[in-house]
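**Q** Below are the sequence and a predicted model for it; my questions follow.
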Amino acid sequence: MIPGGGQPNMQQLLQQAQKMQRDLATAQEELARTEVEGQAGGGLVKATVTGSGELRALVIDPKAVDPEDTETLADLVVAAVQAANENAQALQQQKLGPLAQGLGAGGSGIPGLPF
């Protein structure tokens, strides 16, 4: 319901939508700069990803390297990267969740606007 029963102020709606879009872009930029870590094997393998999920670093403790058992090392690498990505997703929810709620499940509801 619109208070007073009038039509919504289109200029005001557009300004609100543009502000949400700017806030979303700012949050996405911050995620791209923020790094989170995941580890496996009690810290033998550590993966660092950005908040947007880009793998930035992988550190493997020499104790994890067994030439006779490369499968375990591969499993540790996969587990560390998955843990880092889970942490990145949690960060995304924290940063973008409130913005997504502000946009509503169906976007702005205004035809022609991409959000």
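**A** It's in. Since this is a predicted model, take the numbers as computed values, not measurements.

**Q** Tell me the buried residues in the lengthiest helix in the chain?
**A** Longest helix in the chain, counting residues (DSSP state H): helix 70-103. For helix 70-103, the neighbour count (16 or more other Cβ atoms under 10 Å) marks 73, 76-77, 79-81, 83-85, 87-88, 91-92, 95-96, 99, 103 as buried. (Each C-beta comes from the backbone N, C-alpha and C, glycine too.)

**Q** Next one: the spatially most central residue of the chain from residue 98, what distance?
**A** Nearest to the geometric centre of the chain sits residue 92, at 2.9 Å (Cα atoms, centre = their mean). Residue 92 sits at a distance of 12 Å from residue 98 (criterion: Cβ to Cβ, to the nearest Å).

**Q** And residue 80, by the same measure?
**A** Separation of residue 80 from residue 98 (Cβ to Cβ): 29 Å.

**Q** again with residue 21
**A** For residue 21, the distance to residue 98 - Cβ to Cβ - is 14 Å.

**Q** got it, and residue 79?
**A** In terms of Cβ to Cβ, residue 79 sits 30 Å off from residue 98.

**Q** Ok, residue 71 next?
**A** Using Cβ to Cβ, one obtains 42 Å as the distance from residue 71 to residue 98.

**Q** again, but for residue 16
**A** Taking Cβ to Cβ, one finds residue 16 at 15 Å from residue 98.

**Q** same question, residue 35
**A** 22 Å.

**Q** And for residue 44?
**A** Here the criterion is Cβ to Cβ. By it, residue 44 lies 36 Å from residue 98.
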